[in-house]
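Q: From the sequence below, what's the structure:
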Amino acid sequence: MALLEHLPYLFWGALYRPEWDLLVYLGLHLRAIAYMMVIYGLLCGLLVWLGGLVLLAVIRWTALRPSGRTCFAVLMGWVLAITLGASAAARLSSGDTGPTFSWLVIAVAAGVGGLVAVLLELTVRRWQRTRLGRRLFRLHTLRRAAFFLYALPLLAILLVGLYRLGRDLPLFHPAGRPTTPDRPNVVLIGIDALRPDHLGAYGYDLNTSPHLDALAREGVLFQQAYAQSSWTLPSVSSFITSLYPSELQIHCRQDLALCFRQIDPLRTTIAEVMQAAGYRAHAYLSSIWLQPQDGFLQGVQEAGFVWAPAPFDQAFLAQRPLLRTVLLYQPLRTAFEAGYELLFDPRLVPANRGDLVNHYALRFLRRRPSEPFFLWLYYMEPHAPYNPDRPFRPLPAEITPERERFLRELGDALLEAASPPNLTSEEQQALLSLYDGNIAEVDRLIGQILAELERQGLRERTLVVILADHGEEFYDHGGYAHGGTLYGETLHVPLIFSGPPVTTPGRVVETPVRSLDLLPTLAEAIGQAPPAEARGRSLLPFLQGEDLEALPLYSEDVYRPPYDLKAVRYRNYKLIYSPSLQQFELYNLERDPGEQVDVSQTEPQQLAELMALLEDWQAQTFLAAQTLPRVAPPQGQDSGGFRELLKEGGY
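A: Numbers count the residues shown, from 1 in each chain. Alright, predicted model coming up:
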């Protein structure tokens, strides 16, 4: 069964990474399958041993003597029922809400088949002691019945395996139901830590993003889009609900593992708006912050997760739900990885989380999904550590292999380090080249999605949206990475709409907009009303050649003091305020777009005007945080080893 499930990867997966040697690719999969089968063999052997003990106890207790064939049927039914049932339960408990019904049916059939085989034989043996029984039943009839009852679940497993093999091939899929112009499919592509000024469409002088640039030429690009926070948890929660982080009561009091990170079930997400309109929502995500138990998948029918980078073949092993559940226990996981490393070199081809996101997404698109659908993808490639397959440009000659390894392994310091690492100008240049290499990686991945939409005939009736959760700092203000500041390099994000209902392809909008405008925009694009509590406004007029007035843009950092920052950007000025330190920074963006010269002392009138806007907004968000109905108060606790998951995810 495992081999049948992996055949699509063996024959078609090489298309995902054509630069890899095909034999190496197939060899990695084959060794992964072999090792997985050994692990499953050990698990099944343990189950057979336990089942044998139970069966022996039952035989001794009942003084019955079932045949060896029946004992074999019972043991195999026991193993299949336990493994398949546990696999389905693991998929459900882990938040991977993919189809589980077939697995549960097979598990029940396997268990019931073995049980009925025993009951039938025991019943027949008792009937054979009577004259009627001897006439109606013969031993060969019994054997055929027992064989049929055991063969039935095996046949079902074979059929499911063949189905899962064939469903990736477009030849076997009927066309989906066509959409209407006012109800397009929606593909939302979120990208972590992507600076727009490193994309060609936003004026970058290097060709890091040919697919994103082409998408911008076919759609509408927003030149001045800004996130509502400078790191993932508050920013993503804001744009999928159209509420500010403080209104959602998402914040961190101590450290990243102890954040109040739950979206209340009474809040409405983009996926729920889509679901209410008759869309089927799918999400394939690669950020550790977007946990299903924290409400990020409200309204999503099917989801897949890739939270941490791993060796390529080992990562595919982790997609097996039962094995993944076993590996959640640290001693078992340590033993598993140690055994794997004794047999193989696990870093022969490092895995890219985005490739696994595309594994889910491409499989979904190749099934010719029923339309309309909502597909949310989230890529982590631009996020630190910057470890692409290759730098975008040759590194400076001063960068030794040891120093390059240090730069590649440089984690995301965020707010934990007292100060950012001291890098020379050559090292900073090398870091940018590695970052650009990561951007080229995510652009390649997005290109695969766009190509598959074209191949399946979906592109013309699909709205594709590109949005980053935040930017990234490279010593623009003396630091690097993101979080802890509200300067432009961490808040400025790319925002691109391409496909229906865009009527002005190639337009560049200069009016500043907010990432929390996304939900109302998508709602209007599919003919739905946004939630009454939404703070954003629809950007649909911009997509159809109209204009809207500029509004004040508010952002906040919801981390512990002194990083509890607030900011407002309006017209040509921007104010950053620290409530805990009572400090102000005011910038004239027309003269100083890089936000380097604080003019709070020389322009007190502008300071007072923006401070009044900020105080009004703070009062409104505070009131909303207290009055919005909630199922339960937010909780901040390190549950389920979240601290360890953060470390695996690059934090």
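
Q: so what's Y475 closest to, chain neighbours aside?
A: Distance criterion CB to CB, 6 or more residues apart in numbering; nearest residue to Y475, sequence neighbours excluded, is Q428 at 6.1 Å. Every residue, glycine included, has its C-beta placed from N, CA and C.

Q: whoops, I mixed them up, T521
A: L539 (4.4 Å).

Q: ok, the one you found touching V513?
A: Yes - L539 is within contact range of V513, at 6.0 Å (criterion: CB atoms under 8 Å).

Q: Give me the common contacts of those two.
A: F222 (CB atoms under 8 Å, 6 or more residues apart in numbering).

Q: Tell me which helix or strand in this structure has the weakest average pLDDT.
A: Every helix and strand of the chain was ranked by mean pLDDT, DSSP states H and E. The lowest is helix 2-12, at a mean of 46.

Q: burial of the residue nearest to T241 when sequence neighbours are not counted, as a residue count?
A: Spatial nearest neighbour of T241, chain neighbours left out: R267 (5.0 Å); criterion: CB to CB, 6+ apart. R267: 23 surrounding residues under other CB atoms under 10 Å.

Q: can you check R591 too?
A: There are 9 residues near R591, going by other CB under 10 Å.

Q: Just say helix, strand or coil for P494.
A: strand (DSSP: H, G, I helix; E, B strand; the rest coil).

Q: how about the helices in the stretch 551-651 of the chain?
A: Under the criterion DSSP state H, counting those that start in this stretch, the stretch 551-651 of the chain contains helices at 604-627, 642-648.

Q: Could you dump those into CSV and include distance to I466, mean neighbour count and mean pLDDT?
A: Formatted as CSV, the helices of the stretch 551-651 of the chain follow (distance: least, CB to CB, whole Å; neighbours: other CB atoms under 10 Å; pLDDT from 0 to 100):
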stretch, distance to I466, mean neighbour count, mean pLDDT
helix 604-627, 27, 15, 93
helix 642-648, 26, 15, 55
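
Q: Tell me which of these sits nearest to L356.
A: helix 642-648 (14.2 Å; CB to CB).

Q: mind checking which of the helices of the stretch 551-651 of the chain is nearest H211?
A: When those are ranked by proximity to H211, the top entry is helix 642-648, at 28.9 Å, counting by CB to CB.

Q: Go ahead and confirm T232 touches Q291.
A: No - at 11.6 Å, T232 does not count as touching Q291 under the criterion of CB under 8 Å.

Q: Which one's more surrounded, those two?
A: Neighbour tally, T232 and Q291, criterion other CB under 10 Å: the higher count belongs to T232, 24 against 21.

Q: who's in contact with the more buried one?
A: With CB under 8 Å, 6+ apart, T232 has these contacts: D192, S287, W289, L290, D469, H470.

Q: Which residue comes closest to the fourth one once chain neighbours are left out?
A: Taking CB to CB, 6+ apart as the measure, L290 lies nearest to F296, with 4.4 Å between them; neighbours along the chain are not counted.

Q: what helix or strand is F374 on?
A: strand 373-379 (DSSP states H and E).

Q: sorry, back to before: against T621, how distant is the residue nearest to T521?
A: 22 Å (CB to CB, to the nearest Å).

Q: any idea how far the residue nearest to T521 lies from D547?
A: 11 Å.

Q: Per-residue pLDDT of R455, please?
A: What the model reports as pLDDT for R455 is 91.

Q: So what does it have for phi and psi?
A: When read as degrees, to the nearest 10, the backbone of R455 gives phi -60, psi -40.

Q: got it, and S235?
A: phi -70, psi -50.

Q: Also L266?
A: With angles defined as degrees, to the nearest 10, L266 sits at phi -80, psi -10.

Q: That one: neighbour count?
A: Residues near L266, counting by other CB under 10 Å: 13.

Q: show me what contacts it?
A: Applying CB under 8 Å, 6+ apart, the residues near L266 are L628, P629, R630, V631.

Q: ok, L539 and D547, which is more surrounded?
A: Shown here are L539 and D547; by other CB under 10 Å, L539 has more neighbours (25 against 10).

Q: ok, now how distant is the more buried one from S242?
A: Relative to S242, and taking CB to CB, L539 is found at 12 Å.

Q: Which neighbours do the two have in common?
A: Common neighbours of L539 and S242 (CB under 8 Å, 6+ apart) are D517, P520.

Q: Point out where the stretch 251-400 of the chain drops to low pLDDT.
A: 251-260, 306-352 (pLDDT under 70).

Q: how about the strands of it, start to end?
A: Along the stretch 251-400 of the chain, the stretches classed as strands by DSSP state E, counting those that start in this stretch are 251-252, 259-260, 280-285, 302-305, 373-379.

Q: picking up where we left off before, for the residue nearest to Y475, give its distance to L543.
A: Relative to L543, and taking CB to CB, Q428 is found at 38 Å.

Q: So if I had to pick from these two, which one is more boxed in?
A: L543 (25 against 15).

Q: How about the contacts made by that one?
A: Taking CB under 8 Å, 6+ apart, one finds G219, V220, F497, P501, V502, T503, T504, T521, A525 in contact with L543.

Q: could those go into CSV alongside neighbour count and pLDDT?
A: Shown next, in CSV, are these (neighbours: other CB atoms under 10 Å; pLDDT from 0 to 100):
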residue, neighbour count, pLDDT
G219, 22, 97
V220, 22, 98
F497, 29, 98
P501, 16, 94
V502, 23, 95
T503, 11, 94
T504, 13, 95
T521, 25, 98
A525, 23, 96
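
Q: Kindly indicate which of these lies nearest Y554.
A: Using CB to CB, these come closest to Y554 at T521, 18.1 Å.

Q: Near P394, how many other residues are there?
A: 10.

Q: Give me the spatial nearest neighbour of it, chain neighbours excluded.
A: S433 (7.8 Å).

Q: Compute the distance between that neighbour and F392, please.
A: 5 Å.

Q: Buried residues of stretch 556-570, list them for me.
A: Neighbour-count burial for stretch 556-570, with 16 or more other CB atoms under 10 Å as criterion, is recorded at 556-560, 563-570.

Q: What is the nearest of those to L206?
A: Nearest to L206 among the buried residues of stretch 556-570, with distances taken as CB to CB, is R569, at 27.7 Å.

Q: Can you give me the pLDDT of the closest one?
A: 97.

Q: That one bridge partners, please.
A: Counting by DSSP bridges, R569 is bridged to L553, K574.

Q: which residues does it contact?
A: Neighbouring residues of R569 by CB under 8 Å, 6+ apart: Y226, P512, P552, L553, S555, L575, L589.

Q: By neighbours, which of these wins?
A: S555 leads the contacts of R569 on contacts (other CB under 10 Å) with 27 neighbours.

Q: Could you double-check that that residue lies in contact with A227?
A: Yes - between S555 and A227 there is a contact under CB under 8 Å: 6.6 Å.

Q: Now for these two: what residues contact both?
A: L491.

Q: which residues of the stretch 401-550 of the chain fall in helices?
A: Using DSSP H, counting those that start in this stretch, helices in the stretch 401-550 of the chain cover 401-408, 425-455, 488-491, 518-525, 540-543.

Q: Would you mind giving those as TSV with distance to V465 added?
A: Below are the helices of the stretch 401-550 of the chain laid out as TSV (distance: least, CB to CB, whole Å):
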stretch	distance to V465
helix 401-408	31
helix 425-455	12
helix 488-491	19
helix 518-525	7
helix 540-543	11
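
Q: where among those is the average confidence lowest?
A: Among the helices of the stretch 401-550 of the chain, helix 401-408 scores lowest, with a mean of 83.

Q: can you state the direction angle for that helix and helix 425-455?
A: Relative orientation of helix 401-408 versus helix 425-455 (axes from the mean of the first three to the mean of the last three CA atoms, to 10 degrees): 60 degrees.
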